[in-house]
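[1] here's a sequence, model it:
(one chain, ligands or ions: 2)
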Amino acid sequence: MDQHSISSIVSPIIHSLPDNPLRDALTEGFHQSKSQLESIESGFKRFADKRWSPMMTCTFMKSWHSTHLKMLPIYGLTCRLHRLAKTADGTARDHYFMAAARNAETSHEDLNLDGRFELNHAQLYDEMANALCNGDAWYSEQYNLPEAAEFKVWIRDNMIEQDLSIGLLTNMFSEIFNHGEYTYALEHFNNIFSQHYGYDNHQCQRLSIYIKCHVTSDVEVDHFHCCIDALDHANQAQGFSMDPTMVHAVSTEYLDRMSRIMGSLVRLMDDEDA
Ligand SMILES: [Fe+2]
Ligand SMILES: [Fe+2]
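    Numbers count the residues shown, from 1 in each chain. Ligands and ions are numbered 1, 2, ... in the order given. The predicted structure is shown next:
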């Protein structure tokens, strides 16, 4: 797999979808956000350049954390679908229940439901960040960039407060983007662990589990397909069809917000180097 850009990682997955408005809207969304994707990639490349100050490392790890681990919004979206199922009849009721089940599946690995690892995903992230930041000081809000804090609120608002389709599309887009992002970030983080922190191979393997577990076994790709299925069931329950304009709007705003976070992190790293 070509892992030189997030686009080249996600493209085969998107192209393997059936020929429909979703595939075209996602292709267009990634294509139009080329500069935003480059900015996101620059964040990981720059962070892997050297060992940064504790302040910079904490800021990176806290802000990146704010863009992941969205179990509460997934749970909220699943509850919304359950509530709709309870008050619906016949096939609409079945479709809402199936949408809820498929949406909830995107949190199974995060929760370590099958016990594949010693820790759940939130704990794995903590372990990785604690190692890079020499303790858990990074968790303090003082290290959260405003853009990152806003991103977290935006995700929660989209999935819990906004139109149901926007919620499901937000979860879906995060899964395909995360597949590309984690795959791209893995090599950079491996370099950080080994070259800048001097961890041995065993320690590097352990610290990279958080990122690697999303990439191996195509966990995020499977979640992406769960979300498409959830959206399809919710659309059938509501008598809607896929809205390409909405797909495009969610995709481009997601990448725009991510690129603003990474752009600010790169500026902070440039300032520290100046
Ligand atoms: Fe996860
Ligand atoms: Fe996921």
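
[2] for ligand 2, see how far away residue 223 is.
    Using CB to the ion, to the nearest Å, one gets 4 Å for the distance from residue 223 to ligand 2. C-betas here are computed from N, CA, C, even on glycine.

[3] residue 174 now?
    Note on residue 174: its distance to ligand 2, by CB to the ion, is 7 Å.

[4] residues near that residue, how many?
    27 (other CB atoms under 10 Å).

[5] tell me the average confidence for the helix or strand harbouring it?
    Residue 174 belongs to helix 164-191 when assigned by DSSP states H and E. Here helix 164-191 scores 98 as its mean pLDDT.

[6] stretch 230-244 now?
    For stretch 230-244, the per-residue pLDDT averages 96.

[7] does ligand 2 sit close to it?
    No. Applying CB under 5 Å from the ion, one finds that stretch 230-244 is not in contact with ligand 2, the shortest distance being 12.7 Å.

[8] name the residues of that stretch that are buried.
    230, 231, 232, 233, 234, 235, 236, 237, 238, 242, 243, 244 (16 or more other CB atoms under 10 Å).

[9] which secondary structure elements does the host helix or strand of the first one contact?
    Assigning secondary structure by DSSP H and E places residue 230 in helix 219-238. Taking 3 or more CB pairs under 8 Å, 6 or more residues apart in numbering; DSSP states H and E as the contact definition, the neighbouring helices and strands of helix 219-238 are helix 71-87, helix 90-104, helix 164-191.

[10] show residues contacting it.
    With CB atoms under 8 Å, 6 or more residues apart in numbering as the contact definition, helix 219-238 has outside contacts at 13, 17, 22, 81, 84, 88, 91-93, 95-96, 98-100, 102-103, 105-106, 109, 164-165, 168-169, 171-172, 175-176, 178-179, 182, 213-214, 240-242.

[11] in ChimeraX, select just the buried ones from those residues.
    To isolate the buried members of these in ChimeraX, using 16+ other CB under 10 Å:
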select :13,17,22,81,84,88,92,95,96,98,99,100,102,103,105,106,109,164,165,168,169,171,172,175,176,178,179,182,213,214,242
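
[12] which of the contacts of helix 219-238 are close to ligand 1?
    Within the contacts of helix 219-238, nothing lies near ligand 1 by CB under 5 Å from the ion.

[13] show me what contacts the nearest residue to residue 245 once chain neighbours are set aside?
    In this structure, residue 245 finds its nearest non-sequential neighbour in residue 25, 7.9 Å apart by CB to CB, 6 or more residues apart in numbering. Neighbour list for residue 25: 244, 245, 247, 248, 251 [criterion: CB under 8 Å, 6+ apart].

[14] just the buried residues of these.
    244, 247, 248, 251.

[15] mind checking how far the second one is from ligand 2?
    Counting by CB to the ion, the separation of residue 247 from ligand 2 is 18 Å.

[16] now whichever residue of the stretch 101-250 of the chain sits closest to ligand 1. Nearest residue, chain neighbours left out?
    Across the stretch 101-250 of the chain, the shortest distance to ligand 1 (CB to the ion) belongs to residue 121, at 3.7 Å. Closest residue to residue 121 apart from its sequence neighbours, by CB to CB, 6+ apart: residue 110 at 4.4 Å.
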